[in-house]
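A.B. asks: Need a 3D model of the following:
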Amino acid sequence: MRHTARHASQHERVVTRRRFLGGAAVVLAAGAGMAALEYGLASGGVDVSGSFYSRYRRTTVGYTIGYPAGHGPGSVLPLVVMLHGYGGDHTSVPSGMSPAHVVSLSVNGNTLTPMAMVTVDGGGGYWHPHPDDDPMGMVVHELIPMLQDRGLGVPPHKIAAMGISMGGYGAIAFAEHYPGIFRAVAAISPAIFATYAWVHYVNPGAYWSASDFARYDAITHVGALRGIPMRIASGQSDPFHPWVEELVAALPPGAVVRFPFGGHTDSFFLSQEPPSLAFLSRHLRP
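C.D. replies: Now for the predicted structure:
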């Protein structure tokens, strides 16, 4: 699998953060009001995009690696695996920003711990194994080894999971099933369901059977998160919020929980990205 990943690196393209910011400034102001403008923009940073054939997903997947200001390919850094929402792909997250942009932010006057962020195509299967598509296996057994070959997330540097909506659920599920790999989690507006009957009604493709839901339901397996730093943010008007409250009630002690006003919207997602990165920054610090 690593041979495949190395071969795929020949198809990467590099986009400097300066080139990206020309359009991002408009997105930041128009897409999320003034909230994002509270955070400083560091100079530099680079995005590297590419693709590889995934044996676990049985298709070619795209990815983008974002390096913070002052870093780039060859840097040895902690790693944040950022998971997109339903209907998205590796270009859909972070909301309103590129990976290099978001890891180069200054939050409340503080520069983040230098860390890389990777986004990747996960399909619409809720980031867990299905009979013909396994995005969780792709991330754990293909993407992460490929990035570790490049110096990202190699011990003692840590790996964190972060996600929005379906990706917020995925970030929690990744840590529940691979707590030895994912050492911190930030979930923004996680798309949590409490019963298989309801998720099957809303999104029949999310879980392929009742037993599949039982195995990967986030609420059932929260005990596996003990000792893993968690930050969960959900807007009070979010349609998933009642189930997020159930999840939070079951979490081991110590989780950071934020329930501000807001819905399941891009503006809410963007408002929660900087504080989520600041949270991960503290726990990924060497």
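A.B. asks: use CA for all of it now, contacts and neighbours both
C.D. replies: Noted.
A.B. asks: Val61 versus the residue lying closest to Gln236 once chain neighbours are set aside, what's the distance?
C.D. replies: Distance criterion Cα to Cα, 6 or more residues apart in numbering; nearest residue to Gln236, sequence neighbours excluded, is Phe261 at 5.2 Å. According to Cα to Cα, to the nearest Å, Phe261 and Val61 sit 35 Å apart.
A.B. asks: Neighbour count: these two, which is higher?
C.D. replies: Using other Cα atoms under 10 Å as the criterion, Phe261 and Val61 rank with Val61 on top: 20 against 11.
A.B. asks: what's the pLDDT at that one?
C.D. replies: Per-residue pLDDT puts Val61 at 98.
A.B. asks: about what we covered before: dump the residue contacts of the residue nearest to Gln236.
C.D. replies: By Cα atoms under 8 Å, 6 or more residues apart in numbering, Phe261 lies in contact with 235-237.
A.B. asks: Kindly indicate whether it is helix, strand or coil.
C.D. replies: For Phe261, the assignment made with DSSP: H, G, I helix; E, B strand; the rest coil gives coil.
A.B. asks: Please export the C-alpha coordinates of stretch 243-260 as PDB.
C.D. replies: Taking Å, rounded to 0.1, in the frame of the first residue of the first chain, the C-alpha atoms of stretch 243-260 are listed here in PDB:
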ATOM      1  CA  TRP A 243     -28.600  13.500  19.600                       C
ATOM      2  CA  VAL A 244     -25.400  15.400  20.200                       C
ATOM      3  CA  GLU A 245     -26.700  16.200  23.700                       C
ATOM      4  CA  GLU A 246     -27.200  12.500  24.200                       C
ATOM      5  CA  LEU A 247     -23.600  11.800  23.100                       C
ATOM      6  CA  VAL A 248     -22.200  14.500  25.400                       C
ATOM      7  CA  ALA A 249     -24.200  13.100  28.300                       C
ATOM      8  CA  ALA A 250     -22.500   9.800  27.800                       C
ATOM      9  CA  LEU A 251     -18.900  11.100  27.200                       C
ATOM     10  CA  PRO A 252     -16.200  10.400  29.800                       C
ATOM     11  CA  PRO A 253     -15.400  13.400  32.000                       C
ATOM     12  CA  GLY A 254     -13.200  16.100  30.700                       C
ATOM     13  CA  ALA A 255     -14.600  16.900  27.300                       C
ATOM     14  CA  VAL A 256     -14.800  20.500  26.200                       C
ATOM     15  CA  VAL A 257     -18.400  21.200  25.000                       C
ATOM     16  CA  ARG A 258     -19.700  24.300  23.300                       C
ATOM     17  CA  PHE A 259     -23.500  24.800  22.500                       C
ATOM     18  CA  PRO A 260     -23.800  28.300  21.200                       C
END
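A.B. asks: Go through that stretch and flag the buried ones.
C.D. replies: Across stretch 243-260, burial judged by 16 or more other Cα atoms under 10 Å covers 243-245, 247-248, 251-252, 255, 259.
A.B. asks: swap in stretch 69-83?
C.D. replies: 69, 71-73, 75-83.
A.B. asks: and what of stretch 50-66?
C.D. replies: So stretch 50-66, judged by 16+ other Cα under 10 Å, has buried residues 50-57, 61-66.
A.B. asks: Closest one of these to Arg150?
C.D. replies: Ile65 (11.0 Å; Cα to Cα).
A.B. asks: thought that closest one was touching Asp47?
C.D. replies: Yes - between Ile65 and Asp47 there is a contact under Cα atoms under 8 Å: 5.6 Å.
A.B. asks: Name the residues contacting each of these two.
C.D. replies: Common contacts of Ile65 and Asp47 (Cα under 8 Å, 6+ apart): 99-100.
A.B. asks: returning to what we had before: will you turn the buried residues of stretch 50-66 into JSON lines that also has secondary structure?
C.D. replies: Shown next, in JSON lines, are the buried residues of stretch 50-66 (three-state DSSP):
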{"residue": "Gly50", "secondary structure": "strand"}
{"residue": "Ser51", "secondary structure": "strand"}
{"residue": "Phe52", "secondary structure": "strand"}
{"residue": "Tyr53", "secondary structure": "strand"}
{"residue": "Ser54", "secondary structure": "strand"}
{"residue": "Arg55", "secondary structure": "coil"}
{"residue": "Tyr56", "secondary structure": "coil"}
{"residue": "Arg57", "secondary structure": "coil"}
{"residue": "Val61", "secondary structure": "strand"}
{"residue": "Gly62", "secondary structure": "strand"}
{"residue": "Tyr63", "secondary structure": "strand"}
{"residue": "Thr64", "secondary structure": "strand"}
{"residue": "Ile65", "secondary structure": "strand"}
{"residue": "Gly66", "secondary structure": "strand"}
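A.B. asks: Fine by me, we can end here.
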